[in-house]
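Visitor: let me see the structure of the following:
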Amino acid sequence: MKIKIKILLSVLLITLMQAIPARAGWPVGKRHYVISTTISFYKADKGWNNAGKLENIDGSFQAQSLGVFAAYGLSRGLDLIATLPASYQTTTNQFGTFHQSGAGDLQLGLSGVLKHFNYANYITLYVGGVAPLYKNTNTKVFGLGNTGMVARLSNSGPLGKKTYYNVDLGGGQYFGNNAPRQLTWDGLLGFKLDDANQLNFGYGGIYSQSDDKGLTLNAFAARNYAYQRATAGFGHTFSKRFTMNLSGFYIFTGRNTGQGYGASLSASMKLPYYGKHHADYLR
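Guide: Below is the predicted model:
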């Protein structure tokens, strides 16, 4: 039996996953700030049912998303972080083709250094709140529509002169009717090819539990589901302040969710406190 796509359109969880790790684990620095944008493309035309069996889908879902990440260093070991996604989505099923666009869930929180090792390897804790910037209707669903709290423990640092890593373990609790409880994990391993270029490979996933067992291909609107994904990317450093990264991702196993794939392009700018010598820092 084919899985029918629910007309539940949402901001992709992938966008947030790609945007937030732009500085995950490493503190920004007192009075410095980071602005990062991520453009993502996502598509799913197959999916796993509630038993984890891959099945064909009567239709498809795709989205083009924009994620904005901003961080400000309140002190040497404490950062204020905000993320905001927006997307344009297309769902095709037996009833036709449907489009919608809009903002998603605003996330605002603090990231603090719990311990560092010679200011190279860091263990940090992020705690934040989630607030929807939309109102769901019977035909338009941009996300869960619930407020929530999230936390993430990170460990980042170098592994020798040309290798670095980042490991995240997080959880979230949303509030309201059928609000889910979530566990997330992510790992990234990077290799410096030279002073300007690098390759990175990642693995991550999410486990979300809720009394609402309904299927939707959009991970950010789904409530009871799980998946694991792999990523590979190439990064280039244009200066000590500006970097870009191009990556691809593939969801290779899951439950009650879509078998999705796509790509993302991110750009990150780190700037110092705007003061008398601001122009010198940009050189």
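
Visitor: residue contacts, L169?
Guide: Residues near L169 by C-beta atoms under 8 Å, 6 or more residues apart in numbering: R152, L153, S154, T184, W185. From N, CA and C alone the C-beta is placed, and that goes for glycine too.

Visitor: now L265
Guide: Shown in contact with L265 (C-beta under 8 Å, 6+ apart): T38, I39, S40, M244, N245, L246.

Visitor: quick check: the farthest pair among these?
Guide: Greatest spatial distance in those: S40 and M244, 14.1 Å, computed using C-beta to C-beta.

Visitor: the two: which has the busier surroundings?
Guide: Neighbour totals were compared for S40 and M244, and S40 leads with 25 against 13 (other C-beta atoms under 10 Å).

Visitor: how many other residues sit next to T97?
Guide: Neighbour count of T97, defined by other C-beta under 10 Å: 10.

Visitor: isn't there a helix covering it?
Guide: No. Using DSSP: H, G, I helix; E, B strand; the rest coil, the assignment for T97 is strand, not a helix.

Visitor: which residue packs closest to it, ignoring adjacent ones?
Guide: Closest residue to T97 apart from its sequence neighbours, by C-beta to C-beta, 6 or more residues apart in numbering: T90 at 6.5 Å.

Visitor: then L133?
Guide: Of all residues not flanking L133 in the chain, A103 sits nearest, at 4.5 Å (C-beta to C-beta, 6+ apart).

Visitor: go on, G52?
Guide: With C-beta to C-beta, 6+ apart as the criterion, G52 has its nearest non-adjacent residue at 4.6 Å, and that residue is R255.

Visitor: identify each buried residue in stretch 34-48, please.
Guide: For stretch 34-48, a neighbour-count test (16 or more other C-beta atoms under 10 Å) marks V34, S36, T37, T38, S40, F41, Y42, A44, D45, G47, W48 as buried.

Visitor: how far is it from where the chain is centred?
Guide: Centre-to-centre, stretch 34-48 and its host chain are 9 Å apart (C-alpha atoms, centre = their mean, to the nearest Å).

Visitor: so for that stretch, mean pLDDT?
Guide: For stretch 34-48, mean pLDDT is 91.

Visitor: ok, the helix or strand harbouring G258: who's next to it in the sheet?
Guide: Counting by DSSP states H and E, the element that carries G258 is strand 257-271. When pairing is defined by DSSP bridges, strand 257-271 lines up against strand 33-48 (antiparallel), strand 242-255 (antiparallel).

Visitor: closest one to R229 among those?
Guide: Closest to R229 of the strands paired with strand 257-271 is strand 242-255 (C-beta to C-beta; 4.6 Å).

Visitor: which regions of this protein sit below the pLDDT cut-off?
Guide: 1-25, 138-141, 214-221, 273-283 (pLDDT under 70).

Visitor: and P158, what is it in contact with?
Guide: Residues near P158 by C-beta under 8 Å, 6+ apart: A120, N121, Y164, Y165.

Visitor: okay, strands next: where are they in the stretch 51-200 of the chain?
Guide: In the stretch 51-200 of the chain, the segments counted as strands under DSSP state E, counting those that start in this stretch are 54-75, 78-93, 96-103, 105-117, 121-132, 148-158, 163-174, 181-192, 197-209.

Visitor: could you dump those strands to a markdown table with distance to I251?
Guide: Below are the strands of the stretch 51-200 of the chain laid out as a markdown table (distance: least, C-beta to C-beta, whole Å):
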| stretch | distance to I251 |
| --- | --- |
| strand 54-75 | 11 |
| strand 78-93 | 17 |
| strand 96-103 | 22 |
| strand 105-117 | 20 |
| strand 121-132 | 22 |
| strand 148-158 | 20 |
| strand 163-174 | 18 |
| strand 181-192 | 14 |
| strand 197-209 | 9 |
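
Visitor: let me know whether D211 touches G176 as I believe.
Guide: No. Using C-beta atoms under 8 Å, D211 is not in contact with G176; the gap is 11.8 Å.

Visitor: hang on, isn't D58 packed against F95?
Guide: No. Using C-beta under 8 Å as the test, D58 is too far from F95 to be in contact (9.9 Å).
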